[in-house]
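Trainee: here are the coordinates; sequence isn't available:
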């Protein structure tokens, strides 16, 4: 018995980490990678067979990826600059955060400081707004079938929650450090 | 203006052994890698699939496709570093995942307003003199459909010094005057220092190289197009 069935995949299959152009992919990811038997199956049904036993046919219908991708093709977007901001302070009353902004695309642009209204931060990111938090301000041009818009988007960086093991390791490291300091 | 960039997209591919069923919106939300609104969008997406063999999630900003041997995070809207952060978060949460390679990918589409300039690119990258002789019929059109250049450390004819590589691909667009280019920065996890997990190495690559490669890709794309037009 293979205890680690996943390991069978290591060393097998493609070593290519490129995916080709994503917007109008010639060989869509769904067709490349999704196992055929699943795609060909229908929704679940239970069939009463002649032998008097119930036979379950597991049928899974995959979503129409190609349709979704075609819809997106109507829109193209090009970032003009992505700024990585680090929150320095937050004024809850004035609903403003002060941040240091570093350009990510063009090295020739210097570091800026900015006061940004919290009205530009989406609801789900508001709990993340605190000194030290990192966010991305993307200024981009979006092209639709009948219009071209310049737009901006703010998204806060999300990091994994600290696990118990993480916290325990930090506590252990702190004990070791303290021992070293105290000699 | 002869041409202008129209689309820039980014994606990250990691090869290894994954358990696709883990990658549910609930797991991502519980571990604070996505927000509650992202999770709602994913759950209501018509592309939402979580199975043991494949998981596919799509939010307003990213698309995640995880198979047993491949993880792929792509930008759905405007390209940005959120897929890097998402991938780093995933690798931090799954530190014992066996990995083989990681690829940082960037794609661009140029729209040409001048057909001469458009054809100059193909003619410079793949001169037609040989093909005209091979085809031998001046009434038949010969065009560049796809070109792939791989760059590795080491001299030509010698064994590459490293399995890592950079691949630049040029593709003809659809019916319109468009050229698409892809840039792949490929890293394999071989000969890692003792005690270094592949996930740590992958996170280091994402942390240290993603932004740099984004800039390099942008420079490469504009340089290739600019030089090709200037050369013809």
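Mentor: Alright, I've got the coordinates. Just so we're clear, the structure is a prediction, and the values are computed from it rather than from any experiment. Numbers count the residues shown, from 1 in each chain, chains lettered A, B, ... in the order given.
Trainee: run a quick neighbour tally on residue 182.
Mentor: If you meant another chain, say so; for now it's chain A. Neighbour count for residue A:182, taken as other Cβ atoms under 10 Å in any protein chain shown: 6. Glycine gets a C-beta too; all of them are placed from N, C-alpha and C.
Trainee: not what I meant, chain B
Mentor: Residue B:182, neighbours per other Cβ under 10 Å, totals 23.
Trainee: pretty sure it sits against residue B:169.
Mentor: Yes: with contact defined as Cβ atoms under 8 Å, residue B:182 reaches residue B:169; the gap is 4.3 Å.
Trainee: tell me the pLDDT of residue 87.
Mentor: The chain I'm using is chain A. Here the pLDDT value assigned to residue A:87 is 96.
Trainee: could you do chain B instead?
Mentor: For residue B:87, pLDDT reads 97.
Trainee: from residue B:66, how far off is it?
Mentor: 11 Å (Cβ to Cβ, to the nearest Å).
Trainee: quick check: closest non-adjacent residue to residue B:52.
Mentor: Nearest non-adjacent residue to residue B:52, counting by Cβ to Cβ, 6 or more residues apart in numbering or on different chains: residue B:21, 4.9 Å away.
Trainee: would you map out the domains in chain A?
Mentor: With domains defined by automatic domain parsing, chain A comprises A:29-73, A:76-156.
Trainee: lowest average confidence across those, which one?
Mentor: domain A:29-73 has the lowest average pLDDT among the domains of chain A, namely a mean of 40.
Trainee: hmm, the top helix by length along chain B touching chain A?
Mentor: Secondary structure of chain B per DSSP state H: the longest helix is helix B:198-231. Yes: judged by Cβ under 8 Å from any Cβ of the partner chain, helix B:198-231 and chain A are in contact via B:211, B:214, B:215, B:218.
Trainee: write the PyMOL selection for whichever of those residues are buried.
Mentor: Remark: buried members of those, expressed as a PyMOL selection using 16 or more other Cβ atoms under 10 Å in any protein chain shown:
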select buried, chain B and resi 211+214+218
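Trainee: I'd guessed residue B:177 sits against residue B:119; true?
Mentor: No: with contact defined as Cβ under 8 Å, residue B:177 does not count as touching residue B:119 (9.1 Å).
Trainee: quick check: which helices or strands does the helix or strand hosting residue A:115 pack against?
Mentor: For residue A:115, the element it lies in under DSSP states H and E is strand A:112-117. Contacts defined by 3 or more Cβ pairs under 8 Å, 6 or more residues apart in numbering or on different chains; DSSP states H and E place strand A:112-117 against strand A:76-91, strand A:96-103.
Trainee: again, only this time at 6 Å
Mentor: strand A:96-103 (3 or more Cβ pairs under 6 Å, 6 or more residues apart in numbering or on different chains; DSSP states H and E).
Trainee: quick one, the strand it packs on and strand A:76-91 angle?
Mentor: 130 degrees (axes from the mean of the first three to the mean of the last three Cα atoms, to 10 degrees).
Trainee: so is strand A:96-103 next to chain B?
Mentor: No: using Cβ under 6 Å from any Cβ of the partner chain, strand A:96-103 stays clear of chain B, coming no nearer than 9.7 Å.
Trainee: can you give me the angle that strand makes with strand A:112-117?
Mentor: Using the same axes, to 10 degrees, strand A:96-103 lies at 140 degrees relative to strand A:112-117.
Trainee: what is strand A:96-103 packed up against?
Mentor: For strand A:96-103, the packing partners by 3+ Cβ pairs under 6 Å, 6+ apart are strand A:76-91, strand A:112-117.
Trainee: what do you get if the cut-off is 10 Å, keeping everything else the same?
Mentor: Applying 3 or more Cβ pairs under 10 Å, 6 or more residues apart in numbering or on different chains; DSSP states H and E, one finds that strand A:96-103 contacts strand A:76-91, strand A:112-117, strand A:134-143.
Trainee: so how many other residues sit close to residue B:178?
Mentor: 18.
Trainee: pLDDT score for it?
Mentor: Residue B:178 is given a pLDDT of 93.
Trainee: backbone dihedrals for it, please?
Mentor: phi -130, psi 150 (degrees, to the nearest 10).
Trainee: please work out how many residues are found near residue 128.
Mentor: I went with chain A, as the question did not name one. Residue A:128, neighbours per other Cβ under 10 Å, totals 18.
Trainee: not quite, go with chain B.
Mentor: Counted with other Cβ under 10 Å, residue B:128 comes out at 16.
Trainee: three-state assignment of the nearest residue to it once chain neighbours are set aside?
Mentor: Leaving aside its chain neighbours, residue B:128 sits nearest to residue B:142 (5.2 Å; criterion: Cβ to Cβ, 6+ apart). Classification of residue B:142 using DSSP: H, G, I helix; E, B strand; the rest coil returns coil.
Trainee: against chain A, how distant is residue B:142?
Mentor: 20 Å (Cβ to the nearest Cβ, to the nearest Å).
Trainee: ok, now which ones touch the nearest residue to residue B:103 once chain neighbours are set aside?
Mentor: Once flanking residues are discounted, residue B:103 sits nearest to residue A:17: 2.3 Å by Cβ to Cβ, 6+ apart. Residue A:17 makes contact with B:11-15, B:70, B:72, B:100-105, B:165, B:167, B:184-188, according to Cβ atoms under 10 Å, 6 or more residues apart in numbering or on different chains.
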